[in-house]
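S.K.: next one to model:
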Amino acid sequence: MAGYLNYIDEHKARFEQELFDLLRIPSISAVKSHKGDVHQAAEFIRAQFEQIGLQDVQLIETPGNPVVYGSFLEAGPDKPTVLVYGHYDVQPPDPLELWETEPFEPTVRGEDVYARGASDDKGQAYTHVKAIEAWLKTEGRLPVNVKVIIEGEEEIGSPNLVPFLEANKELLACDMVLISDTSMFDKDVPSITYGLRGLAYMQVFVQGPNRDLHSGTYGGAVQNPLNALCEIVAKLKDENGVVQIPGFYDDVIALSDEERAESAKLPFDEQAFKDSLDIEDVFGEKGYTTLERKSSRPTLDVNGIWGGYQGEGAKTVLPAKAGAKISMRLVPDQEPKKIAKLFADYVMKIAPKGVKVTVEEHHGGNAAMTDLGFYGLEAASKAFEDIYGKKPLFTREGGSIPIVADFKKVLGANSILMGFGLNSDAIHSPNEKFSLVDFQRGIKTSARFFEALAEMK
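M.R.: Residues are numbered from 1 along each chain as shown. Okay, the predicted model is just below:
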């Protein structure tokens, strides 16, 4: 067994405890009161970079949250340079009452650790930090050149990362980007994501009268903002799940016969999928399989809606205002800004009379695809096969990592999406978890990837 693999086994318990320490930091980028916690997480990462032996370690401030950078570039110019990317910020833990244990007190149950950020993305990003440590502590070197950046704004759309990339093109120049912020197809079924959907995230506000009104005194005479909002939402999709916004599908590239055939080969059990969610039936765009709809087709969904009385019991109120958050997952060639404008124009067109409607664009990102013939994917496949004992599947992911398209645009680098999480990890939800078995295998796979990549070039 390679020395770095022995080292990973010998330090398994310490690696887990270090991860738990990181998970205890409530680095919630969306909440201003956690600004100090976000910086604490950045300092934790910076200290780790220094302890494991990375060079040129920097905590680089941005107009928002800091980016932590480190490198080890002694493999030589004939070897590839890999930029490892991850994020240390996390989603808010709400609703707190649905957590079985405290969200920022890591709790091990069975093979899993439960905590906010366990899978998205602290646990997965940390696999690469420990893989680098294993190489440096056993060999004193890495087989390829490695740069690492871990940021603190991914969960709010990485507003400052693109300017950071553009200002530091030379510092971050690389042959590929390695990211672990996706999921395997299933437990013990390793997979590599070669495509991600993009995102356009919108907010709709509906203002009615200048104050909440008594529904008996004013009902029937004044437009109800909640009713108006529901009317708008109802017109966004038809009964077959087809988005009704004019022009929404104009730039969508149809799935090829080859892609649909590859998707059909994936071991997807629709009944098990329904059982896991406790639903009677699936729903989505007519003419596509469930797997295609949730990974390779564009979508529109209401993520939150509010207005009126929410407390216990009854209150006969006609609310003064209402609002909704709506996300659209996009596929290659759908441009987020264009889709956002089409959405806003359509909402304003169908808005009922008697209320004032405003639409705001929140954030977005482009879809991304990596050619299946890219040699970095071949090295990742070899690493998975050697550690997991089986060849990985190649899949498209329904989620969005907008920075992947930005890496391609700004740095000209393809991304290797080598995920170790599971769709059942409840990321962004209460009781988020991450398999400690896959945390360990992830470290080994990352370490083997560096070696396999060096053997190819």
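S.K.: tell me where the model's unsure across the stretch 151-300 of the chain.
M.R.: Within the stretch 151-300 of the chain, no stretch has pLDDT under 70.
S.K.: which residues of it fall in helices?
M.R.: 161-167, 169-172, 215-218, 225-234, 257-265, 270-277, 290-293 (DSSP state H, counting those that start in this stretch).
S.K.: now these as CSV including mean neighbour count and distance to residue 32?
M.R.: Yep, even glycine has a C-beta here, placed from its N, CA and C like the rest. As requested, those are arranged in CSV below (neighbours: other CB atoms under 10 Å; distance: least, CB to CB, whole Å):
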stretch, mean neighbour count, distance to residue 32
helix 161-167, 17, 19
helix 169-172, 14, 28
helix 215-218, 13, 36
helix 225-234, 20, 27
helix 257-265, 12, 42
helix 270-277, 11, 34
helix 290-293, 18, 37
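S.K.: mind putting these into a markdown table with distance to residue 112?
M.R.: Formatted as a markdown table, the helices of the stretch 151-300 of the chain follow (distance: least, CB to CB, whole Å):
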| stretch | distance to residue 112 |
| --- | --- |
| helix 161-167 | 30 |
| helix 169-172 | 34 |
| helix 215-218 | 47 |
| helix 225-234 | 36 |
| helix 257-265 | 28 |
| helix 270-277 | 16 |
| helix 290-293 | 25 |
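S.K.: among those, which comes closest to residue 3?
M.R.: helix 169-172 (29.7 Å; CB to CB).
S.K.: hang on, the earlier thing: closest one to residue 208 among the helices of the stretch 151-300 of the chain?
M.R.: Per CB to CB, nearest to residue 208 of the helices of the stretch 151-300 of the chain: helix 225-234, 4.0 Å.
S.K.: circling back: nearest to residue 424, of the helices of the stretch 151-300 of the chain?
M.R.: It's helix 270-277; of the helices of the stretch 151-300 of the chain, that one is closest to residue 424 (CB to CB) at 6.9 Å.
S.K.: restrict the closest one to CA atoms and write it as PDB.
M.R.: Extracted in PDB, the C-alpha atoms of helix 270-277 (Å, rounded to 0.1, in the frame of the first residue of the first chain):
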ATOM      1  CA  GLU A 270     -38.100   5.400  -9.400                       C
ATOM      2  CA  GLN A 271     -40.100   3.500  -6.800                       C
ATOM      3  CA  ALA A 272     -37.300   3.700  -4.300                       C
ATOM      4  CA  PHE A 273     -37.000   7.400  -5.200                       C
ATOM      5  CA  LYS A 274     -40.700   7.900  -4.400                       C
ATOM      6  CA  ASP A 275     -40.500   5.800  -1.200                       C
ATOM      7  CA  SER A 276     -37.500   7.800   0.100                       C
ATOM      8  CA  LEU A 277     -39.500  11.000  -0.200                       C
END
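S.K.: run the chain-centre distance for that helix.
M.R.: 22 Å (CA atoms, centre = their mean, to the nearest Å).
S.K.: and stretch 89-105, by the same measure?
M.R.: Distance, centroid of stretch 89-105 to centroid of chain: 17 Å (CA atoms, centre = their mean).
S.K.: gap between residue 263 and residue 199?
M.R.: Residue 263 sits 21 Å away from residue 199, going by CB to CB, to the nearest Å.
S.K.: can you map out the helices along the stretch 301-450 of the chain?
M.R.: Under the criterion DSSP H, counting those that start in this stretch, helices of the stretch 301-450 of the chain are mapped to 336-350, 375-388, 402-406, 436-456.
S.K.: which of those sits closest to residue 62?
M.R.: helix 402-406 (13.6 Å).
S.K.: report the buried residues of the closest one.
M.R.: Neighbour-count burial for helix 402-406 flags 402, 403, 404, 405, 406 (criterion: 16 or more other CB atoms under 10 Å).
S.K.: give me the domain ranges for this structure.
M.R.: 3-196+367-456, 198-252+298-365 (automatic domain parsing).
S.K.: tell me the most buried of the ones you listed?
M.R.: domain 3-196+367-456 (a mean of 20; mean count of other CB atoms under 10 Å).
S.K.: centre of the chain versus it, how much separation?
M.R.: So, by CA atoms, centre = their mean, the centroid of domain 3-196+367-456 is 11 Å from its chain's centroid.
S.K.: can you give me the end-to-end span of it?
M.R.: 20 Å (CA to CA, to the nearest Å).
S.K.: picking that back up, relative to residue 272, which of the domains of the chain is closest?
M.R.: Nearest of those (CB to CB): domain 3-196+367-456, 9.4 Å.
S.K.: rewinding a little: just send the helices of the stretch 301-450 of the chain back as TSV, with distance to residue 159 and mean pLDDT too.
M.R.: Formatted as TSV, the helices of the stretch 301-450 of the chain follow (distance: least, CB to CB, whole Å; pLDDT from 0 to 100):
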stretch	distance to residue 159	mean pLDDT
helix 336-350	14	98
helix 375-388	28	97
helix 402-406	10	87
helix 436-456	28	97
